[in-house]
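[1] Just a sequence and a predicted model for now, questions to come.
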Amino acid sequence: MAGSGKLASFRLPPLPTIGEIIKLYNLRAQKQLSQNFLLDMRLTDKIIRQAGNLRNSTVCEVGPGPGGLTRSILRAGVADLLVVEKDTRFIPGLQLLSEAAPGKVRIVHGDILKYRMEGGFPAHIGKTWEDEPPNLHVIGNLPFSVSTPLIIKWLEQMASRTGPFAFGRTRLTLTFQKEVAERLTASTGSRQRSRISVMAQYLSTVKNCFTIPGQAFVPKPDVDVGVVHFTPLVQPQIQQPFKLVEKLVRNVFQFRRKHCDKGLQMLFPEAQRPELTHELLLRADVDPTHRPFELSISHFRALADAYAGLCEEHEGIIGYEFREELRQKRHQHSRRRGGEPCAGKPIKEEEP
Ligand SMILES: C[S@@+](CC[C@H](N)C(=O)[O-])C[C@H]1O[C@@H](n2cnc3c(N)ncnc32)[C@H](O)[C@@H]1O
C-alpha cells in the first residue's frame with residue numbers, strides 16, 4: 001500500500017553528500033531548466049515511502065539530477081533502477097552512485113519525453129492488466145515544465161496500455177507544482193476541478209500525498225510542490241477512446257464559468273449545433289445548466305457514450321474541431337481583405 005513501505009533495507013557505502021557532489025562536479029542548478037534540488041534525505045525518503053514497498057522492485061527514476069532521491073530509492077532495496085537524465089553534467093555523479101550499488105543502476109542519458117519505456121525492462125516483470133500492479137514503479141521530481149506534458153502523455157499511454165503500462169498497471173509517484181497537484185485530485189464541485197482532474201481520475205486512482213514547501217529545494221522555486229501517486233484502474237471509468245474523451249472534456253472546460261452546454265455546443269458544426277447539443281444532453285441525462293466543475297465522472301461517462309453514439313450516426317462529427325474551423329475562417333477573412341492572417345481575439349485556454 002502506498003505510504004507504508006519501509007526504507008533503509010540497503011546500505012550504501014560512504015559517499016560524498018549531495019551538497020559535496022554538487023560542488024565536486026560543479027552542478028549549479030540551471031534556472032532555465034527549472035532545476036531545483038532536494039538535499040534533505042528525510043524528504044526524499046518521505047517521497048519514496050509514498051511509492052509503497054520498493055524492496056526487490058524495479059524502478060524508473062526520471063530526472064535524477066545530483067541523485068538525492070536516487071539514494072533514497074537505492075536504500076529502499078530496489079533490485080533494478082533505471083535513471084533517465086537529460087543533463088550531461090549529472091552523468092559522472094550518477095556513475096559514482098552506480099559504482100556504490102553494483103549491478104543495480106542503469107543510466108540513460110536522454111529525454112524522458114522521448115524515451116520508449118517498453119524497451120527499458122524485461123518482459124517477465126510485467127503483469128496482466130487485471131492482476132495486481134507490477135513490481136515496477138516510476139518515480140520522479142521533474143521540472144514543472146516537463147511533469148505536466150509528461151503526465152498527459154502517460155495518461156494516454158495508460159489508456160492504450162503502452163509505455164510504462166505495457167508492463168501492467170504501473171504506479172507513478174511524481175511531483176507537480178502544488179496547484180497542478182490539487183487540480184489532479186480535485187473532486188466534483190471543487191474550485192480546482194478542471195480538465196486534468198477528469199482525465200486523471202477516469203483512468204486512475206489519484207492521491208495527493210503531501211506538499212513540500214518551496215524552501216525545501218535548492219534553489220527555492222516560487223511555488224510549493226505536491227507529491228502525487230497514481231494507480232491505474234483495472235476498468236477505466238469511461239469506456240470510450242482516449243482521444244474522444246479528451247476532446248469532450250477539453251470542449252466542456254473551455255468555458256469553465258458558463259453552463260456546460262456552452263462548451264458542449266462546440267463539439268458540433270454550426271448547422272447542427274442546437275439540435276445535436278440538445279440530443280446529446282437528453283441522451284446523457286445531464287442538466288445543461290451545470291457548470292463544468294459540477295460534472296462528475298459519471299456525467300462525463302454518460303456524455304462520452306452519448307457523443308460516441310452521435311459520432312457514429314452523423315458523418316464528420318468526430319473530426320470536427322471548432323477551433324480549427326475558427327482559425328480557417330479568420331484566415332479566409334484576412335485573405336479576402338488582402339492582409340496578413342489576423343490573430344483575432346484569442347480564446348482563453350483553460351489551464352491543464
Ligand atoms: C527539479 S530537478 C530534480 C533533481 C533531483 N531528482 C532532485 O530531486 O534533487 C529535475 C531534474 O530533471 C532533469 N530533467 C529535466 N528535463 C528532463 C527530461 N526531459 N528528461 C529527463 N530529465 C530531465 C533535470 O536535468 C534535473 O536533473
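    Structure's in. What do you need? Numbering: from 1, shown residues only.
[2] Checking residue 59 next. Helix, strand or coil?
    Recorded secondary structure, residue 59: strand (DSSP: H, G, I helix; E, B strand; the rest coil).
[3] you'd agree it is up against residue 73?
    Yes - counting by CB atoms under 8 Å, residue 73 is a contact partner of residue 59 at 5.4 Å. (Glycine included, C-beta is placed from N, CA and C.)
[4] list the residues that contact both of the two?
    Here residue 59 and residue 73 have 81, 139 as joint contacts, going by CB atoms under 8 Å, 6 or more residues apart in numbering.
[5] residues in contact with the residue positioned nearest the centre of the chain?
    Taking CA atoms, centre = their mean, the centroid of the chain lies closest to residue 151, which sits 1.6 Å from it. Contacts for residue 151 (CB under 8 Å, 6+ apart) come out as 172, 174, 176, 184, 196, 200.
[6] again with residue 29
    Contact analysis of residue 29 by CB under 8 Å, 6+ apart lists 35, 36, 37, 218, 219.
[7] Can you name the residue of the stretch 201-350 of the chain nearest the ligand?
    Residue nearest to the ligand within the stretch 201-350 of the chain: residue 217 (7.4 Å; CB to the nearest ligand atom).
[8] Number of residues surrounding that residue?
    Neighbourhood size, residue 217 [other CB atoms under 10 Å]: 21.
[9] returning to what we had before: neighbour-wise, which of residue 59 and residue 73 wins?
    Higher neighbour count among residue 59 and residue 73: residue 73, with 30 against 24, using other CB under 10 Å.
[10] Which residues does the strand or helix carrying the more buried one contact?
    Counting by DSSP states H and E, the element that carries residue 73 is helix 68-75. For helix 68-75, contacts defined as CB under 8 Å, 6+ apart pick out 7-12, 15, 18, 37-41, 44-45, 47-48, 54, 59, 61, 64, 81, 83, 94, 97, 101, 104-105, 139-141.
[11] The residue of the chain found nearest the ligand - nearest residue in space that isn't next to it in sequence?
    Closest to the ligand within the chain is residue 63: 2.3 Å, counting by CB to the nearest ligand atom. Ranked by CB to CB, 6 or more residues apart in numbering and with sequence neighbours excluded, the top spatial neighbour of residue 63 is residue 142, at 4.6 Å.
[12] Quick check, the one you found in contact with residue 174.
    Yes - at 6.9 Å, residue 142 counts as touching residue 174 under the criterion of CB under 8 Å.
[13] What's the ChimeraX line that selects buried ones from the contacts of residue 29?
    Typed into ChimeraX, the next command selects the buried ones out of those (criterion: 16 or more other CB atoms under 10 Å):
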select :35,36,37,218
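[14] Pick out the most distant pair among the contacts of residue 29.
    Using CB to CB, the two most remote members of the contacts of residue 29 are 35 and 218, lying 9.4 Å apart.
[15] ok now the helix or strand bottoming out on mean pLDDT in the chain, how far from the chain's centre?
    The least trusted helix or strand in the chain, going by mean pLDDT, DSSP states H and E, turns out to be helix 322-336, with a mean of 79. Relative to its chain's centre, helix 322-336 lies at 32 Å (CA atoms, centre = their mean, to the nearest Å).
[16] With stretch 10-28 instead?
    Relative to its chain's centre, stretch 10-28 lies at 30 Å (CA atoms, centre = their mean).
[17] before we move on, what about stretch 275-289?
    Taking CA atoms, centre = their mean, the mean C-alpha location of stretch 275-289 is offset from the chain mean by 30 Å.
[18] In it, which residues are buried?
    276, 277, 279, 280, 281, 284, 286.
[19] Now the fourth one: which helix or strand?
    With secondary structure defined by DSSP H and E, residue 280 is part of helix 273-284.
[20] Residue 283 is in contact with residue 309, correct?
    Yes - with contact defined as CB under 8 Å, residue 309 reaches residue 283; the gap is 6.7 Å.
[21] secondary structure class for residue 139?
    Taking three-state DSSP as the rule, one finds residue 139 in the strand state.
[22] That one touches residue 62, doesn't it?
    Yes - the pair formed by residue 139 and residue 62 meets the contact definition of CB under 8 Å, at 7.5 Å.
[23] Which of the two has more residues huddled nearby?
    Neighbour count, other CB under 10 Å: between residue 139 and residue 62, residue 139 has more, with 30 against 25.
[24] With adjacent residues omitted, what lies nearest to the more buried one?
    Excluding the flanking residues, the one nearest residue 139 by CB to CB, 6+ apart is residue 173, at 4.8 Å.
[25] check whether the strand or helix carrying that neighbour contacts the ligand.
    If you go by DSSP H and E, residue 173 is part of strand 171-177. No - remark: strand 171-177 sits outside contact range of the ligand, by CB under 6 Å from any ligand atom, the gap being at least 7.7 Å.
[26] Which strands border that strand, and is each parallel or antiparallel?
    In the sheet, strand 171-177 lines up against strand 136-140 (parallel), strand 225-232 (antiparallel) (DSSP bridges).
[27] Tell me if the very next helix or strand once past the first one is near the ligand.
    Moving toward the C-terminus from strand 136-140, the first helix or strand encountered (DSSP H and E) is helix 144-160. Yes - applying CB under 6 Å from any ligand atom, one finds helix 144-160 touching the ligand at residue 146.
[28] list the buried ones in helix 144-160?
    Of the residues in helix 144-160, 144, 146-148, 150-152, 154-159 count as buried by neighbour count, 16+ other CB under 10 Å.
[29] now stretch 77-93
    Neighbour-count burial for stretch 77-93, counted by 16+ other CB under 10 Å, picks out 77, 78, 80, 81, 82, 83, 84, 85, 86, 90, 91, 93.
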